[in-house]
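Student: predicted model and sequence follow; I will ask about them next.
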Amino acid sequence: MEHVRRPSDNEVINSRLRDPDDELELVIVKDMMLTGFDAPPLHTLYLDRPLKGALLMQTLARVNRTFRGKADGLLVAYAPLVDNLAKALAEYTVRDQAEKPVGRDTGEAGDLTKELVARIRALLAGYDWKTVLNAGGPKAYINAATGATNYLRAVGPANAPELGAETLAAQYRKFSSQLARAWALASGGKNLPELRPEIAFFEEVRVWMAKFDARDRQARGEPIPDEVQRLLVALIDTATDAQDVVDIYAAAGMPRPSLADLTPGFVKTAQEAPNPQLAIEALPAMLLEESATAARNNVVRQRAFSARIGELMTRYTNQQLTSAEVIAQLVELAKEIAAEASRGLSFTPPLNTDELAFYDAVTQNESAVEVQGEGILAQIARDLVDVMRRDVRTDWTVRDDVRAKLRASIKRLLVKNGYPPDKQPDAIRLVMEQMESMAPRYADDRN
């Protein structure tokens, strides 16, 4: 009786299982949740007793719901299933029976696992990861995995035409994903113990590739897919289990830099590092972090720096820049970021960081700069800061009346200074966005 719960307790569990962000991942039930229960994120169902007919189809329906990042569902049976499912499907259309073959045993999964391992070995034939791994040392495994990752990401149609339009990295993502599923179906490697270390390494490479892919997407301002998010969680879990913190700079053979350290000597060290690709992965992350600090609350400049970093990484990924060239250009961009703090001093009188942020917002239109000049636009920026101090309240972002008042104040200020009328809507939108990023600080100052 200790495991019997009230209906309200069961509903709490049901709700948690439906939530893809909840930490609950496994529920063991008896005579429950096979009918009248719908959880689209649910992927795998283990069945330990025979079912037939409609009840079997309802059971199958628990894992075949579509959901973001979910490519398929899995029904694992420890009881006779295939014959019963074939009989149940006989009640459906001829096309369903012909196009939906059902049931695979672990022997087939083992054969598929071997085939996929052979394909992945061929993809990594140009990188001797085993030698790196066997070299030993605390970072040997990480060096081998990141080295394999960088090799896969660097080889594309431009320098390997035999691949066709699909890059080596794209093929690896596809085959390693299939391998992960086949390996799970092959009883977790119980029948293929000799392949376990190799497959574990291939999975580690897949996770590192997801990490670098996520960084590229972040630099371009793109969302990170759910599948990549899950792999990143796996990377964090692995690092935690190992009681070790992965230092990508150390793995790259270079010291952790700051903007002040990016000297010609640093550029040479990075270009000649044992793993220059790791240096290339490390530098954008540092630049994004430093630009967020240097251009604090400056929406325009942060986006500009992020876009330029993303463009450089895209050109590198497309083999339009060599490792040495992209490192040199990233360092040049770092110099601009370092100079960001003193940029307002070039105005008379100087602009502080908040005034400079509004100046950047109203100078996005080139015709406005040509017509009005930097002096007038700088004064508009100073006046916008005064508007912020006067009108911003703690709850202004959710108060339509306060937002309308701010828009009116901004428009009057632009009209008063002769800002081009056709460019005012975009300028007002960007200024409002800039104000939202500063609002909490100004509201706190007033309280």
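Tutor: Now that the structure is in, tell me what you want to look at.
Student: quick one: low-confidence ranges for the stretch 201-350 of the chain?
Tutor: The stretch 201-350 of the chain contains residues with pLDDT under 70 at 217-263, 265-266, 270-271, 273-279, 281-282, 317-319.
Student: show me the helices in it, by range?
Tutor: Secondary structure of the stretch 201-350 of the chain (DSSP state H, counting those that start in this stretch): helices at 226-241, 248-252, 264-271, 276-294, 299-317, 323-338.
Student: from the chain's centroid, how far away is stretch 303-319?
Tutor: Averaging C-alpha positions (Cα atoms, centre = their mean, to the nearest Å) puts stretch 303-319 16 Å from its chain's average.
Student: and that stretch, which residues are buried?
Tutor: By neighbour count on 16 or more other Cβ atoms under 10 Å, the buried set for stretch 303-319 is 304-306, 308-310, 312-313, 316-317. Bear in mind the C-beta positions are built from the backbone N, C-alpha and C, glycine included.
Student: next one: stretch 40-59
Tutor: 41-42, 45, 47, 51, 56-57, 59.
Student: of these, closest to Glu108?
Tutor: Of all the buried residues of stretch 40-59, Leu47 has the smallest distance to Glu108: 18.6 Å, by Cβ to Cβ.
Student: excluding chain neighbours, what is closest to that closest one?
Tutor: Nearest residue to Leu47, sequence neighbours excluded (Cβ to Cβ, 6 or more residues apart in numbering): Ala77, at 4.8 Å.
Student: tell me the spacing between the one you found and Thr59.
Tutor: 10 Å (Cβ to Cβ, to the nearest Å).
Student: find the residues that touch each one of those two.
Tutor: Leu47 (Cβ atoms under 8 Å, 6 or more residues apart in numbering).
Student: how close does the closest residue to Val299 other than its chain neighbours sit to Val207?
Tutor: Closest residue in space to Val299, ignoring its immediate chain neighbours: Gln434 at 5.2 Å, by Cβ to Cβ, 6+ apart. Going from Gln434 to Val207 by Cβ to Cβ gives 38 Å.
Student: that older thread, okay if I get the buried residues of stretch 303-319 as a markdown table plus distance to Tyr359?
Tutor: Listed next are the buried residues of stretch 303-319 as a markdown table, based on distance: Cβ to Cβ, whole Å:
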| residue | distance to Tyr359 |
| --- | --- |
| Ala304 | 13 |
| Phe305 | 16 |
| Ser306 | 19 |
| Arg308 | 19 |
| Ile309 | 23 |
| Gly310 | 24 |
| Leu312 | 26 |
| Met313 | 29 |
| Tyr316 | 32 |
| Thr317 | 34 |
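Student: between the residues you listed, which is nearest Asp21?
Tutor: Ser306 (26.1 Å).
Student: okay, the angle between the helix or strand containing Ala200 and helix 299-317?
Tutor: In this assignment (DSSP states H and E), Ala200 forms part of helix 196-219. Between helix 196-219 and helix 299-317, the angle comes out at 140 degrees (axes from the mean of the first three to the mean of the last three Cα atoms, to 10 degrees).
Student: how many other residues sit next to the spatially closest residue to Leu330 that is not a sequence neighbour?
Tutor: Using Cβ to Cβ, 6+ apart and skipping the chain neighbours, the partner closest in space to Leu330 is Leu283 (4.6 Å). Close neighbours of Leu283, defined as other Cβ atoms under 10 Å, add up to 26.
Student: ok, Leu283 touching Ile327?
Tutor: Yes - counting by Cβ atoms under 8 Å, Leu283 does reach Ile327; the two are 6.8 Å apart.
Student: which ones among the buried residues of stretch 40-59 lie within strands?
Tutor: Among those, DSSP state E puts 45, 47 in strands.
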